[in-house]
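Participant: Okay, here's the prediction I keep looking at, along with the sequence it came from:
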Amino acid sequence: MLALLYAVAGIAHIVAPSGFLKITPGWVPWPAQVIFITGVCEVLGAIGLLARRFRRAAGIALALYALCVFPANIKHAIENVAIGGVHLSWWYHAPRLALQPLLIWWALWVGDVTTWPFGRDTVRTKD
């Protein structure tokens, strides 16, 4: 599910970057290139989550990515930036901002970086 979410988001960054450009903070250099590169990273991260060999690295990379884009989410909320002519209310922004740490944890959990709070190691059988 997380891989699908990141694949869709990554493709959106690549094919329709205008909304992402609007919420990119002004201090980000070369915003169009950054948006394109982040889209590529999201797609590669999604693929990495599906491949056991790359799952851990992808989980760490996507968690760091979610942390790094948090300023754009804050700008979107604070400045009430319209995307496609639509202003979203705090009914959208508040949960979106509050759930960002969950998105970071989810990437780490799917990437087998953490087992907290479920302790998957207790489920594994011994060989």
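Facilitator: That came through, no problem.
Participant: if you skip the residues just before and after it, what's nearest to residue 87?
Facilitator: Among residues not flanking residue 87 along the chain, residue 80 sits closest, at 5.4 Å (CB to CB, 6 or more residues apart in numbering). In short, each C-beta sits where N, CA and C put it, glycine included.
Participant: What is the neighbour count of that neighbour?
Facilitator: 12 (other CB atoms under 10 Å).
Participant: do you know how far it is from residue 29?
Facilitator: 25 Å (CB to CB, to the nearest Å).
Participant: Can you read off the pLDDT for the nearest residue to residue 94 once chain neighbours are set aside?
Facilitator: What sits nearest to residue 94 in space, not counting adjacent residues and going by CB to CB, 6+ apart, is residue 77, at 7.8 Å. pLDDT recorded at residue 77 is 94.
Participant: and residue 95, helix, strand or coil?
Facilitator: helix (DSSP: H, G, I helix; E, B strand; the rest coil).
Participant: burial measure for it, as a count.
Facilitator: When neighbours are counted by other CB under 10 Å, residue 95 comes out with 10.
Participant: which residues of this protein fall in helices?
Facilitator: Along the chain, the stretches classed as helices by DSSP state H are 2-15, 18-23, 31-50, 55-68, 70-78, 90-98, 100-110.
Participant: And these: which comes nearest residue 116?
Facilitator: Residue 116 lies closest to helix 100-110 among the helices of the chain, at 7.8 Å (CB to CB).
Participant: For residue 59, give me its contacts.
Facilitator: 49, 107-113 (CB atoms under 8 Å, 6 or more residues apart in numbering).
Participant: ok, now residue 45?
Facilitator: Taking CB under 8 Å, 6+ apart as the test, what residue 45 contacts is 6, 10, 58, 61-62, 65, 107.
Participant: Farthest-apart pair in those, please.
Facilitator: 10 and 107 (13.5 Å).
Participant: Looking at those two, which one has more neighbours?
Facilitator: Between residue 10 and residue 107, counting by other CB under 10 Å, residue 107 is the more crowded of the two (25 against 21).
Participant: Hmm, that one is touching residue 67, no?
Facilitator: No - between residue 107 and residue 67 there is no contact under CB atoms under 8 Å: 9.7 Å.
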